[in-house]
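> Show me how the following folds:
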Amino acid sequence: MRDLRAIALFVLVVASVPLWTSSGVVLNFVMMALYACLLAQAWNILGGFGGQFSFGHALFFGTGAYVQIMAQVHGGWNPWLALPVAMGMSALVAVLVGALSFRYGLRGSYFALVTLAFAEVFRIVSLSVSFTGAGVGMMLPLQESAANMQFGSRAGFLWLVLGLVTLALLVTAWLRHSRFGAYLQAVRDNEDAARAVGVNPLRVKLGAIVLSGALMGAGGAFYVQVFQYIDPGLAYGPHTSVEALVGAIVGGMGTLWGPVVGALALHILADLTRNLFGQLPGINMVVYGAVLVIIVMFLPRGVVGLGERWRRRPQGEGQ
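Here you go, the predicted model:
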């Protein structure tokens, strides 16, 4: 109940932002921070709770983005109906990757490289076929209305992505307290020991990658609705994968609020970097890399982990 109360408070506070400000700058900042949070939460389910580091989560993001836009452009679907289909197709791709990887015991750097390779394969395929727009990409026609998931202001998109983030937070809270979540963390800590006590690592890891892939696909679908354009580089490029994993690692892997804290901190840092060094292309990736190195070296449990350690320290320590 403590987690649910915290999530409810978070949702109420963030949902009220458009009620006290109409600034496009503020609303856009909050919206994009929530979007980064969604990606980090999706990665955290597999990488943080499951211990399966992925360098190619853009694979699921791009699949969701392309399914969302193709369903509308080629199939004439309503975007609200296309969204669960996009999440489902991303989950299906996740099952494929997980079955091929986990069945043969790939883990650690091997699994990370496999996900990166799959993302690159999908990028090359989307560059080569006509129904994805090939290298030109695809444009979503502007039909502004809430029924068409194209809102007249950033407030509508803010509430939409907040709903997706809330779903991700509820899934994460469930993992923290459910039997499946306990199995997943047992597999993360010691797969052989978990198998010895009756846990099926393959089934557990497949469940985790399905949840992670579906939420990442939701992030891709949201991106398409906001920016109304996607191409293979945006869909399957490394930037999205890096943004997802760095947010979770900086905030604290395997925690409920770590990805939220990490995504917000990195988003603030990215905005400051763009304002100060906007003339230098790719500087945000350099900053992400530097922050990641510092966190791994000095705060391996992330910002939230540091706070928990400080809160649990003995009363007399440091006095």
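> Which pLDDT value does the model give residue 294?
Among the per-residue scores, residue 294 holds a pLDDT of 82.
> Next, work out how far apart residue 124 and residue 74 are.
With distances defined as Cβ to Cβ, to the nearest Å, the gap from residue 124 to residue 74 amounts to 21 Å. All C-beta spots, glycine's among them, are computed from the backbone N, C-alpha and C.
> I meant to write residue 215 there.
The spacing between residue 215 and residue 74, counted by Cβ to Cβ, is 25 Å.
> what about stretch 201-219, average pLDDT?
96.
> Equivalent analysis for stretch 102-122, please.
Averaging pLDDT along stretch 102-122 gives 91.
> contacting residues around it?
52-59, 62-63, 97, 100-101, 191, 201-202, 205-206, 209, 235-236, 238, 241 (Cβ atoms under 8 Å, 6 or more residues apart in numbering).
> Can I get it as CSV, trimmed to CA atoms?
Presented in CSV, the C-alpha positions along stretch 102-122 are these (Å, rounded to 0.1, in the frame of the first residue of the first chain):
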residue,chain,number,x,y,z
PHE,A,102,17.7,-17.4,-23.1
ARG,A,103,17.1,-20.9,-24.4
TYR,A,104,20.8,-21.1,-25.3
GLY,A,105,21.9,-19.7,-22.0
LEU,A,106,23.1,-16.3,-23.3
ARG,A,107,23.5,-13.8,-20.4
GLY,A,108,25.7,-10.8,-19.5
SER,A,109,27.7,-9.3,-22.4
TYR,A,110,26.5,-12.0,-24.8
PHE,A,111,22.9,-11.1,-24.3
ALA,A,112,23.7,-7.4,-24.5
LEU,A,113,25.4,-7.9,-27.8
VAL,A,114,22.6,-10.0,-29.2
THR,A,115,20.0,-7.3,-28.4
LEU,A,116,22.2,-4.7,-30.1
ALA,A,117,22.6,-7.0,-33.1
PHE,A,118,18.8,-7.5,-33.4
ALA,A,119,18.3,-3.8,-33.3
GLU,A,120,20.7,-3.2,-36.1
VAL,A,121,19.2,-6.0,-38.2
PHE,A,122,15.7,-4.4,-37.8
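> Show me what counts as buried in that stretch.
By neighbour count on 16 or more other Cβ atoms under 10 Å, the buried set for stretch 102-122 is 102, 106-107, 111-112, 114-116, 118-120, 122.
> Which residue ranges of the stretch 101-250 of the chain form strands?
Counting by DSSP state E, counting those that start in this stretch, the stretch 101-250 of the chain has strands at residues 138-139, 229-230.
> for those strands, which one ends up most surrounded?
Relative to the other members of the strands of the stretch 101-250 of the chain, strand 229-230 carries the highest mean neighbour count by mean count of other Cβ atoms under 10 Å, namely a mean of 20.
> follow-up on the earlier one: need the buried residues of stretch 102-122 in CSV (columns: distance to residue 2).
Converted to CSV, the buried residues of stretch 102-122 look like this (distance: Cβ to Cβ, whole Å):
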residue, distance to residue 2
102, 33
106, 37
107, 33
111, 33
112, 34
114, 37
115, 34
116, 37
118, 38
119, 37
120, 42
122, 40
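> Among those, which pair sits farthest apart?
For the buried residues of stretch 102-122, the maximum inter-member distance is 21.9 Å, found between 107 and 122 (Cβ to Cβ).
> any idea how far residue 43 is from residue 81?
Computed as Cβ to Cβ, the residue 81 to residue 43 distance reads 27 Å.
> Between those two, which has more neighbouring residues?
For residue 81 against residue 43, the residue with the higher neighbour count under other Cβ atoms under 10 Å is residue 43, and the figures read 28 against 11.
> who touches the nearest residue to that one once chain neighbours are set aside in this structure?
Residue nearest to residue 43 in three dimensions, not counting chain neighbours: residue 244, with 4.0 Å by Cβ to Cβ, 6 or more residues apart in numbering. Contacts of residue 244 were listed using Cβ under 8 Å, 6+ apart, and they are 39-40, 42-43, 57, 61, 216.
> Also residue 66?
Residues touching residue 66, when contacts are defined by Cβ under 8 Å, 6+ apart, comprise 126, 132, 138, 220, 230, 235.
> cool, and residue 257?
Shown here is residue 257, whose contacts under the criterion Cβ under 8 Å, 6+ apart are 6, 251, 304.
> next one: residue 249
For residue 249, the contact set (Cβ under 8 Å, 6+ apart) comprises 262, 292, 295-296, 302.
> Most neighbours among the residues you listed, which one?
For those, counting by other Cβ under 10 Å, the largest number of neighbours falls to residue 262: 29 neighbours.
> Ramachandran angles for that residue?
Comment: the main-chain dihedrals of residue 262 come out as phi -60, psi -40, following degrees, to the nearest 10.
> circling back to that earlier point, among the contacts of stretch 102-122, which are located in helices?
Secondary structure assignment by DSSP state H places 58-59, 62-63, 97, 100-101, 191, 201-202, 205-206, 209, 235-236, 238, 241 of those in helices.
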